[in-house]
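> Compute the structure for the input listed below.
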Amino acid sequence: MSIQAADLDFDIKKAVVTGGSGFIGSHIVDFLVDVIGADTTVYDNLSTGDRSLVEHHRNKTNFHFIEADVLDLDTLEKSFGGADTVVHFQANADVRGGIENRRIDLEQNTISTWNVLECMKRQGVKNIAFSSSATIYGEPETFPTPEDIAPLQTSLYGASKFCGEAMIQAYCEYFGMRSFIYRFVSWTGERYSHGVVYDFYKKLKASPNKLEILGNGKQNKSYLDVTDGVNGIMTAIAKSEGNKNIYNLGHDDFINVLAVADIICEEMGLTDVEYAIEDPNKDRGWVGDSPVVHLDTSRLQSLGWAPTVKIEDSIRATTRYLIDHPELTER
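This next block holds a predicted model:
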């Protein structure tokens, strides 16, 4: 990982990372443990995370692992003892899951965030970095979409994240906390474990001659390489001045779903793949899916950050990573 943010100054001595054994969380842990040298605790129930992603830190004195759920308030509070920063990246990661399981986003995104904030208050932890989502914008009319757009919700996932943002801001106002809220596009890169590249790769492994594509395949979306994403997160923490900070975190460019499929097929060495389009008149993959995701990142870029990895290059690298790590799609 090329760390642009390594030259910045950080006042993080002891951190807890919820969801720290996940795709993004594990990269945050790498930065905290190895670059900053912070005493870092991973708090994860391993429902979607993989402990092997942080296993290389196992024998380091500034690394600790707690296998527990954020809904376990007592264990969560104890884990925050002495910490100055919480990186709250635990969440339900399946945007579509709320259609069938209408409690999962409430419990894993909204209630879990209240639990984190309440335990921070009880233990005197003052800083929180929170993984929100571009889905909170629903279907905006302005592209690239800036942070000051008033969102209208189109998914339970987006609504649950927006609730989390609101509670964080309220706790900051009441108790003098400081927050860094990041509205993400989809991320790609090493350790990638869910999303369109994962889904397409897994489908093509099972059926190399045919790929089913939801919607019409023309959905335009930005993607961000995990290296750029971590740099953006840490740049904001180091250089922000306010106590309630909200940043879009995405790419200047975007790509449509059919182009993503083309790249994956090329990297897998597949030719003459039939694309089975669900419906040429359907502009989204599922209820709550936004056909266009392209965020205005000028606020974060004003701090000196910018994406450096092209979307196509990151998708290619992600596909190669999945090829080299078959266990990720076989577990």
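> which residue ranges form the helices in this protein?
Per DSSP state H, the chain carries helices over the ranges 23-30, 73-79, 104-105, 112-123, 156-175, 196-206, 226-239, 257-267, 298-301, 311-324, 327-330.
> So which of these is nearest residue 135?
helix 156-175 (3.5 Å; C-beta to C-beta). The way it works is simple: take the backbone N, C-alpha and C, and place the C-beta from them, glycine included.
> Output the contacting helices and strands for that closest one.
helix 104-105, helix 112-123, strand 127-131, strand 178-184, strand 244-249 (3 or more C-beta pairs under 8 Å, 6 or more residues apart in numbering; DSSP states H and E).
> pLDDT (mean, whole number) over the fourth one?
Strand 178-184 carries an average pLDDT of 98.
> ditto for the longest one
Predicted confidence along helix 112-123 averages 98 (mean pLDDT).
> Please could you give me each C-alpha atom of it, formatted as PDB?
Provided in PDB are the C-alpha atoms of helix 112-123 (Å, rounded to 0.1, in the frame of the first residue of the first chain):
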ATOM      1  CA  SER A 112     -24.800  -0.700  16.800                       C
ATOM      2  CA  THR A 113     -23.800   2.900  16.200                       C
ATOM      3  CA  TRP A 114     -25.800   4.000  19.200                       C
ATOM      4  CA  ASN A 115     -24.000   1.300  21.200                       C
ATOM      5  CA  VAL A 116     -20.600   2.600  20.100                       C
ATOM      6  CA  LEU A 117     -21.500   6.200  20.900                       C
ATOM      7  CA  GLU A 118     -22.900   5.300  24.300                       C
ATOM      8  CA  CYS A 119     -19.900   3.300  25.200                       C
ATOM      9  CA  MET A 120     -17.600   6.100  24.000                       C
ATOM     10  CA  LYS A 121     -19.500   8.500  26.300                       C
ATOM     11  CA  ARG A 122     -19.200   6.100  29.300                       C
ATOM     12  CA  GLN A 123     -15.500   5.600  28.700                       C
END
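> doesn't residue 259 make contact with residue 200?
No: contact criterion C-beta atoms under 8 Å: residue 200 and residue 259 do not qualify, at 11.5 Å.
> between those two, which one's more packed in?
Set residue 200 next to residue 259 and count neighbours by other C-beta atoms under 10 Å: residue 200 wins out with 23 against 16.
> Now do the same contact list for that one.
Counting by C-beta atoms under 8 Å, 6 or more residues apart in numbering, residue 200 touches 211, 260, 261, 264.
> Using a markdown table, lay out the residues you listed together with distance to residue 317.
Formatted as a markdown table, the contacts of residue 200 follow (distance: C-beta to C-beta, whole Å):
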| residue | distance to residue 317 |
| --- | --- |
| 211 | 20 |
| 260 | 13 |
| 261 | 17 |
| 264 | 12 |
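> Out of these, which comes closest to residue 59?
In terms of C-beta to C-beta, no member of these lies closer to residue 59 than residue 264, at 36.7 Å.
> Thought residue 315 was touching the closest one, still the case?
Yes: counting by C-beta under 8 Å, residue 315 is a contact partner of residue 264 at 7.1 Å.
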